[in-house]
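Peer 1: one predicted model, sequence on top.
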Amino acid sequence: MDSKEILAQKWDKTLANVLVKSGLGLTIGIGLSFILFRRQVWPVALSTGFGTGMAYQEALVAFDIRKQ
């Protein structure tokens with residue numbers, strides 16, 4: 001497998017991770033907002049940010065950014 005295919009697979013995994021984890025965070029945030037926080041916006045933003053941050057951290061590991 002050449003380097004372009006490896007890089008493409010890493011990007012595919014990273015983008016899928018961002019969509020899944022941000023979507024999961026959004027879903028959890030909406031649920032918390034309706035159940036516990038009387039329909040406020042901040043739980044949605046906070047949990048979506050947590051999901052995106054987790055995906056970003058996994059992208060750093062996948063692309064070995066910290067080793068440079």
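Peer 2: Yes, it's here.

Peer 1: how close does the nearest residue to Phe63 once chain neighbours are set aside get to Gly53?
Peer 2: The spatial neighbour of Phe63 that comes closest, neighbours along the chain excluded (Cβ to Cβ, 6 or more residues apart in numbering), is Lys10 at 6.2 Å. Just so you know, the C-beta spots here come from the backbone N, C-alpha and C atoms, and that holds for glycine as well. Using Cβ to Cβ, to the nearest Å, Lys10 is found at 19 Å from Gly53.

Peer 1: what's the helix or strand for Arg39?
Peer 2: With secondary structure defined by DSSP states H and E, Arg39 is part of neither a helix nor a strand.

Peer 1: and it, what does it touch?
Peer 2: Ser33 (Cβ atoms under 8 Å, 6 or more residues apart in numbering).

Peer 1: give me that answer again for 10 Å
Peer 2: 30, 33 (Cβ atoms under 10 Å, 6 or more residues apart in numbering).

Peer 1: likewise the one 10 residues further on?
Peer 2: If a contact means Cβ under 10 Å, 6+ apart, then Gly49 has 22, 25, 29 as its contacts.

Peer 1: need the pLDDT of Arg66.
Peer 2: According to the prediction, Arg66 has pLDDT 66.

Peer 1: after the top helix by length along the chain, heading C-terminal, what element do we hit next?
Peer 2: Of all segments of type helix in the chain, defined using DSSP state H, the longest is helix 3-35. Heading C-terminal from helix 3-35, the first helix or strand you meet, by DSSP H and E, is helix 42-62.
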